[in-house]
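In: show me how the following folds:
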Amino acid sequence: MRVARITNGKVAAGASALEDERVAKRRQALELAETQGVAGACRIAGISRACFYKWKARYEPTRPSESLKSRPPVHRHPRQLKSPSVVEKVLKASRSHPDWGCVEIAKAVNSGVKDEQERVSSPTVQKILLRHGLGSRYERRLKFEDELWGRKHPRHSSLDGKLVTTLMKNNPCFRHWKERPARPGTLLTLDTFTAGILEDVGRIFVHALVDTFSCYAFAKIHESAQAQERGLLQEALLYFTDVSLGVLEVRTLKNSKYSHTVDIADVLRSHDIVHTTGTRINGFAERFRRTARVEFFRKAIKESSHQRIEILQSDFAWWLERYNKSRSQHGFPNHGHPPLEIIKNHLAARKL
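Out: From the prediction side, this is the model:
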């Protein structure tokens with residue numbers, strides 16, 4: 001007997017033509033099984049027995065073509081989304097207790113709940129928090145600060161002492177929450193810190209000038225800690241002059257090996273700017289250090305394309321522009337707003 005074979009034929013253009021060809025092959029395989037047996041049909045068609053029996057189970061004589069068409073994939077474990085009430089309970093617990101981990105939040109949400117649909121596991125809590133940008137304790141503490149200021153200006157005595165200490169460690173700017181300047185430019189803090197080591201250059205340093213009202217920053221990369229800071233200060237003075245805000249005070253770190261106030265003394269005097277020193281790094285400067293190191297230098301230093309300081313400086317300038325203009329800064333003092341937006345809001349309020 002002459003054996004009919006399934007031909008591979010040229011695939012027709014278009015999804016509809018391709019699907020029609022697949023259906024014809026499947027029907028032909030089922031017809032071959034009547035004369036050649038299942039084993040013979042599978043061998044001729046080049047398919048497995050499991051595939052043959054899957055098509056056979058789907059086949060309906062009354063609608064042969066429709067029953068053999070490909071079906072969309074079905075997830076074996078469809079995602080079980082928790083009800084909005086459960087999600088709100090998780091978020092409320094995380095906002096009320098920013099130091100709690102996922103296990104502690106799950107225990108609080110499940111307390112007294114008997115319905116399994118209303119209970120959550122710690123991995124589910126983590127997924128919910130990640131979806132809402134609260135996956136780490138750091139993010140939850142900053143969110144707690146934002147909501148704290150949204151309700152009312154807090155009193156130091158109304159906050160738990162341990163919580164205050166935790167917030168200060170989490171956000172160094174929080175150390176100055178009782179002494180925030182009245183406007184942008186009132187107090188700038190000057191800082192120098194190491195950014196990393198380039199293979200062909202060696203250790204590199206960042207000179208930064210940060211406004212303590214808005215966290216707006218001016219910064220440059222230098223090969224030496226002894227670099228002149230005059231240009232950085234003049235850039236800041238020009239910026240605040242352009243927006244009709246003068247600089248009143250510049251603070252540096254006392255007895256720091258990177259403190260070079262002699263370089264900028266004449267600039268400060270010529271603009272009648274007060275110079276003060278502190279024994280501890282300013283919280284705004286410390287937070288800018290952390291942010292720059294974590295978000296830019298930690299990755300950039302490792303890339304081979306950044307082994308030239310000119311390229312690194314160019315990319316750092318791009319990152320700094322984004323930091324000032326569009327990067328949301330949660331926690332005190334910006335509470336989710338970029339530094340430039342804080343300055344613009346102050347200028348708009350002053351015109352009213």
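
In: buried stuff in stretch 122-136?
Out: Neighbour counts over stretch 122-136 (16 or more other CB atoms under 10 Å) mark 124, 125, 126, 127, 128, 129, 134 as buried. Heads up, the C-betas are built off the backbone N, CA and C, glycines and all.

In: pLDDT of it, averaged?
Out: For stretch 122-136, mean pLDDT rounds to 89.

In: just how off-centre is it within its chain?
Out: Centre-to-centre, stretch 122-136 and its host chain are 13 Å apart (CA atoms, centre = their mean, to the nearest Å).

In: please apply the same query to stretch 341-352.
Out: In terms of CA atoms, centre = their mean, the centre of stretch 341-352 is found 27 Å from the chain centre.

In: mind saving the C-alpha coords of that stretch as CSV?
Out: Output of stretch 341-352 as CSV, limited to C-alpha atoms (Å, rounded to 0.1, in the frame of the first residue of the first chain):
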residue,chain,number,x,y,z
GLU,A,341,11.0,72.1,41.8
ILE,A,342,11.5,73.2,45.5
ILE,A,343,13.3,76.3,44.3
LYS,A,344,10.7,77.1,41.7
ASN,A,345,7.9,76.6,44.2
HIS,A,346,9.6,79.0,46.6
LEU,A,347,10.0,81.7,43.9
ALA,A,348,6.4,81.3,42.9
ALA,A,349,5.2,81.6,46.5
ARG,A,350,7.3,84.7,47.0
LYS,A,351,5.6,86.5,44.0
LEU,A,352,2.2,86.0,45.5
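
In: which residues touch it?
Out: 183, 184, 213, 214, 215, 216, 243, 244, 245, 333, 334, 337 (CB atoms under 8 Å, 6 or more residues apart in numbering).

In: centroid-nearest residue for this protein?
Out: Nearest residue to the geometric centre of the chain (CA atoms, centre = their mean): residue 133, 7.8 Å.

In: rewinding a little: out of the contacts of stretch 341-352, the closest to residue 16 would be?
Out: residue 337 (52.6 Å; CB to CB).

In: so what sits opposite the closest one in the bridge?
Out: Partner residues in beta bridges with residue 337, using DSSP bridges, are residue 329.

In: give me the neighbour count for it.
Out: 18 (other CB atoms under 10 Å).

In: now do the contacts for it.
Out: Taking CB under 8 Å, 6+ apart as the test, what residue 337 contacts is 328, 329, 345.

In: which PyMOL command selects the buried ones in those?
Out: Filtering the contacts of residue 337 down to the buried ones (16+ other CB under 10 Å) takes a single PyMOL command:
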select buried, resi 329
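
In: can you mark which positions in stretch 100-111 are buried?
Out: In stretch 100-111, counting by 16+ other CB under 10 Å, buried: 100, 102, 105, 106, 108, 109, 110.

In: chain neighbours aside, what residue packs nearest to the last one?
Out: Nearest non-adjacent residue to residue 110, counting by CB to CB, 6 or more residues apart in numbering: residue 119, 4.9 Å away.

In: which one's the longest helix in the chain?
Out: Across the chain, the longest stretch assigned as helix under DSSP state H is helix 15-45.

In: closest to residue 170 out of the contacts of residue 337?
Out: Top of the list for closeness to residue 170, among the contacts of residue 337 and by CB to CB, is residue 329 at 13.4 Å.

In: now do the contacts for that closest one.
Out: Counted by CB under 8 Å, 6+ apart, residue 329 has contacts 215, 336, 337, 338, 339.

In: need the pLDDT of it.
Out: 86.

In: so which elements touch the helix or strand of the chain with the lowest mean pLDDT?
Out: Between all helices and strands in the chain, the lowest mean by mean pLDDT, DSSP states H and E belongs to helix 261-270, at a mean of 71. Under the contact criterion of 3 or more CB pairs under 8 Å, 6 or more residues apart in numbering; DSSP states H and E, helix 261-270 touches helix 230-242, strand 249-253, strand 274-278.

In: just these: most buried one?
Out: Stretch with highest mean neighbour count among those: strand 249-253 (a mean of 20; mean count of other CB atoms under 10 Å).

In: now residue 104. Nearest residue, chain neighbours left out?
Out: residue 97 (7.3 Å).

In: okay, now the domains of this protein?
Out: As given by automatic domain parsing, the domain ranges for the chain are 15-67, 84-170, 176-351.

In: start to end distance for the last one?
Out: Which is domain 176-351. This stretch, domain 176-351, spans 27 Å end to end (CA to CA, to the nearest Å).

In: thinking again about what came up before, now the contacts of stretch 341-352: which count as buried?
Out: For the contacts of stretch 341-352, buried by 16+ other CB under 10 Å: 183, 184, 213, 214, 215, 216, 245, 333, 334, 337.

In: let's have these in TSV, adding secondary structure and pLDDT.
Out: Converted to TSV, the buried ones among the contacts of stretch 341-352 look like this (DSSP: H, G, I helix; E, B strand; the rest coil; pLDDT from 0 to 100):
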residue	secondary structure	pLDDT
183	coil	90
184	coil	91
213	coil	92
214	coil	92
215	coil	92
216	coil	94
245	coil	85
333	coil	87
334	coil	87
337	strand	90
